[in-house]
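Peer 1: Return atomic coordinates for the entry below.
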Amino acid sequence: MLKVVFSREDILRTRVAPAADPVWELVLSLHLLQGRGRDPLLTEWRRTVARGLRTDSAAERYRLLLALNPPRGYFPDFLTPYASKDGLEAGLEAVRGTPADMLRRDLGLLAEENTLPPSATALARGEPEVLHHLTDSMLRYQSLAVTPYWSRIQAAVEADRARRARALLDGGAEGLLASLRPSMRWDGEVLEVLDYPDSRELHLDGRGLLLVPSFFCARTPVALLDPSLPPVLVYPVDRLGGLMPEAGGHADAAQREALAALLGRTRAGVLEAADQGCTTGEVARRLRISAAAASQHTTVLRNAGLLVSHRDRNTVLHTLTPLGRAVLDA
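Peer 2: Okay, here's the model as predicted:
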């Protein structure tokens, strides 16, 4: 279990990342790609990406990147720098600027349980050519495995941010931390990450915590190993239907029937209400309909794959799926 220890100052300084982090998504997707999980929401994505890597004319360039990201266990802290919160290029520039002592330490830890290719030795020395080679392969992999699906990744992260924003409005920073259950447990001073592979404590010491919602994070949240780095906790979000092919010609008969049932001004209003996250009661008040009618409309939209609903105690929060957003924006 990981125990993140907060002071009152840390609680006030805790915040949620403003958007999906492209470098964290890149790195965590590599772990899922090489893992043995059989998540049906990612099956087609894994097959497509694996085929793309095999047929890439420069496939050898991925050898070091894949070795640095084993499917389980430790992976180097330097691959996910704090600067990545400002975007992909900022994150890759930070990777290229990693100090040699950090490279040696991280790669030494990784080599304790993994066999690394010869290029890792030059990387541990901080040779600029190898660092540029690594970030070039990260960028190439990003364009193959992450960029084509970015709108769906963003939609899933935005839906989660709407949940956290609601928790913050209703319960303050402590409400935000309490909303992270069931994979985490907040007791007022310590955030416990359940099923964490190691037993350790992370003392924030007044720095606060950056919570990073992630599409490709597996079931267990992830934290950096080095306690001196800015504290970050990456946690999984609901994948909202995964990375299946875009709806359209591939829609099955049940989905087509469900979409046909959406015609009407009221359900369009429900979609608009759910754009920033909305409870069933708020839908009813906004559209001036009964709670029962609001529940019926959200059920139809959810069955059609346009909404996702999350229950928290006595309320249900509805947010748009990528398909729902596409319909709303059409």
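Peer 1: Dihedrals phi and psi, the residue nearest the centre of the chain?
Peer 2: Note on the chain: the residue nearest the mean C-alpha position is S214, at 0.8 Å, using C-alpha atoms, centre = their mean. Geometry field for S214 lists phi and psi as phi -140, psi 130, criterion degrees, to the nearest 10.
Peer 1: Hmm, it is touching L26, no?
Peer 2: No: with contact taken as C-beta atoms under 8 Å, S214 and L26 are classed as non-touching, separated by 10.7 Å. No exception for glycine: its C-beta is placed from N, CA and C like everyone else's.
Peer 1: before we move on, back to that, how about the residue nearest to the centre of the chain, nearest residue that isn't a chain neighbour?
Peer 2: With sequence-adjacent residues excluded and distances taken as C-beta to C-beta, 6 or more residues apart in numbering, S214 is closest to V234, at 4.9 Å.
Peer 1: Report the secondary structure state of the one you found.
Peer 2: What DSSP: H, G, I helix; E, B strand; the rest coil gives for V234 is strand.
Peer 1: Quick one: residues contacting it.
Peer 2: D21, W24, L28, V212, P213, S214, C217, P221, V222, A223 (C-beta atoms under 8 Å, 6 or more residues apart in numbering).
Peer 1: between those residues, which is nearest S84?
Peer 2: S84 lies nearest to D21 out of the contacts of V234, by C-beta to C-beta, at 5.4 Å.
Peer 1: mind checking how far the closest one is from R140?
Peer 2: Taking C-beta to C-beta, to the nearest Å as the criterion, D21 is separated from R140 by 19 Å.
Peer 1: So between those two, which is more surrounded?
Peer 2: Set D21 next to R140 and count neighbours by other C-beta atoms under 10 Å: D21 wins out with 25 against 16.
Peer 1: what does the model give the more buried one for pLDDT?
Peer 2: The predicted structure scores D21 at 96 on the pLDDT scale.
Peer 1: thought it was touching Y82?
Peer 2: No: in this structure, D21 is not within contact of Y82 by C-beta under 8 Å, at 10.0 Å.
Peer 1: and the residue lying closest to H310 once chain neighbours are set aside, how many neighbours?
Peer 2: Excluding the flanking residues, the one nearest H310 by C-beta to C-beta, 6+ apart is L317, at 5.1 Å. Number of residues near L317 (other C-beta under 10 Å) recorded here: 20.
Peer 1: Equivalent analysis for R38, please.
Peer 2: Going by other C-beta under 10 Å, the residues that sit close to R38 add up to 8.
Peer 1: Can we start the residue count at 46 from this point?
Peer 2: With the count now opening at 46, the last piece we talked about shows up as R83.
Peer 1: Let me know the pLDDT of it.
Peer 2: Model confidence at R83, expressed as pLDDT, equals 73.
Peer 1: And what about L256, helix, strand or coil?
Peer 2: On the basis of three-state DSSP, L256 is classed as strand.
Peer 1: If you count neighbours, what's buried in stretch 223-234?
Peer 2: By neighbour count, and taking 16 or more other C-beta atoms under 10 Å as the criterion, the buried residues in stretch 223-234 are A223, S224, L225, S228, M229, R230, W231.
Peer 1: could you pull out the strands for the stretch 196-345 of the chain?
Peer 2: Listed from the start of the chain, the stretch 196-345 of the chain has strands (DSSP state E, counting those that start in this stretch) covering 229-231, 235-238, 245-248, 255-259, 267-268, 277-281, 323-324.
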